[in-house]
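# coordinates only, sequence not included:
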């Protein structure tokens with residue numbers, strides 16, 4: 001069965017039909033830059049453009065980089081503040097003329113990774129971290145999601161953690177892989193102290209380059225692995241949510 005997922009990120013909006021039997025994209029994904037400022041109206045138009053590229057007519061799953069409760073976006077760290085308190089599900093559904101489900105981006109990626117990726121069949125406490133413009137998180141306890149954790153906003157040495165350890169921070173500050181891995185290790189150690197996970201799964205685009213930084217991270221008790229679905233996990237998870245509509 002094919003369903004459609006769209007992943008809204010701080011730098012790009014990407015989507016594709018997903019083969020839910022295989023847990024993989026059924027067609028090459030289509031991506032456009034996230035508008036700046038990332039106002040609700042402009043981003044929703046971007047979502048409409050991505051969907052129109054495939055001439056898709058069915059229900060839609062959409063991820064959002066922030067807290068989402070009952071279709072309402074509650075936070076907006078890396079997009080315009082106009083999203084705060086917005087009934088985004090209603091706006092998307094009205095614009096696209098179809099049923100829409102909207103959920104936290106890392107939660108979507110985590111559900112996909114737990115179903116089709118490295119988390120499949122694993123128990124215990126598993127934390128997926130999506131490293132990109134910010135840091136998203138999805139926490140699972142024996143396969144059950146704890147939604148909207150947003151652990152990228154933990155305070156670390158007086159800063160929002162994602163301001164120090166995200167991929168954007170590495171790029172903005174032109175950090176070497178070694179320097180960035182040192183920051184990431186401090187962040188992982190902080191999260192480990194709070195949650196004692198059995199497994200960290202590192203997602204986002206940087207998961208395509210695990211050899212660049214994972215061997216440089218030492219002193220973490222939990223196993224650390226790259227996401228199997230890499231940067232497509234959010235799209236797959238969004239499509240999985242759409243299948244429940």
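Here it is on my side, so go on. Everything numeric here is computed off the predicted structure, so don't read it as measured data.
# which residues sit against the helix or strand where residue 190 lies?
Following DSSP states H and E, the helix or strand that holds residue 190 is helix 177-195. By Cβ atoms under 8 Å, 6 or more residues apart in numbering, the residues outside helix 177-195 that reach it are 125, 127, 129, 131, 135, 139, 151, 154, 156-157, 161, 164-165, 169-170, 175, 197, 200, 212-214, 216-222, 224. Using the backbone N, CA and C atoms, a C-beta is placed for each residue, glycine as well.
# redo that, cut-off 7 Å
For helix 177-195, the surrounding residues in contact (Cβ atoms under 7 Å, 6 or more residues apart in numbering) are 125, 127, 139, 151, 154, 156, 161, 164-165, 170, 200, 212-213, 216-217, 219-222.
# Please indicate which of those are buried?
Neighbour counting over the contacts of helix 177-195 (16 or more other Cβ atoms under 10 Å) leaves 125, 127, 139, 151, 154, 156, 161, 164-165, 170, 200, 213, 216-217, 222 as the buried ones.
# farthest-separated two in these?
125 and 170 (26.8 Å; Cβ to Cβ).
# before we move on, back to that, out of the buried ones among the contacts of helix 177-195, which are inside helices?
Using DSSP state H, the members of the buried ones among the contacts of helix 177-195 that fall in helices are 161, 164-165, 170.
# Between these, which sits nearest residue 35?
Proximity of those to residue 35 (Cβ to Cβ) peaks at residue 170, which lies at 23.7 Å.
# Could I get the contacting residues of the closest one?
Contacts of residue 170 (Cβ under 7 Å, 6+ apart): residue 180.
# And it, how close does it get to residue 203?
16 Å (Cβ to Cβ, to the nearest Å).
# Which residue comes closest to residue 210 once chain neighbours are left out?
residue 226 (4.0 Å; Cβ to Cβ, 6 or more residues apart in numbering).
# Now do the same contact list for that neighbour.
By Cβ under 7 Å, 6+ apart, residue 226 lies in contact with 202, 207, 210, 214.
# Could you report the pLDDT at the second one?
The predicted local distance difference test score for residue 207 is 95.
# now the third one
The predicted structure scores residue 210 at 96 on the pLDDT scale.
# How about residues contacting stretch 142-162?
67-68, 77, 104, 107, 110-111, 114, 123-124, 134-139, 164, 186-187, 190-191.
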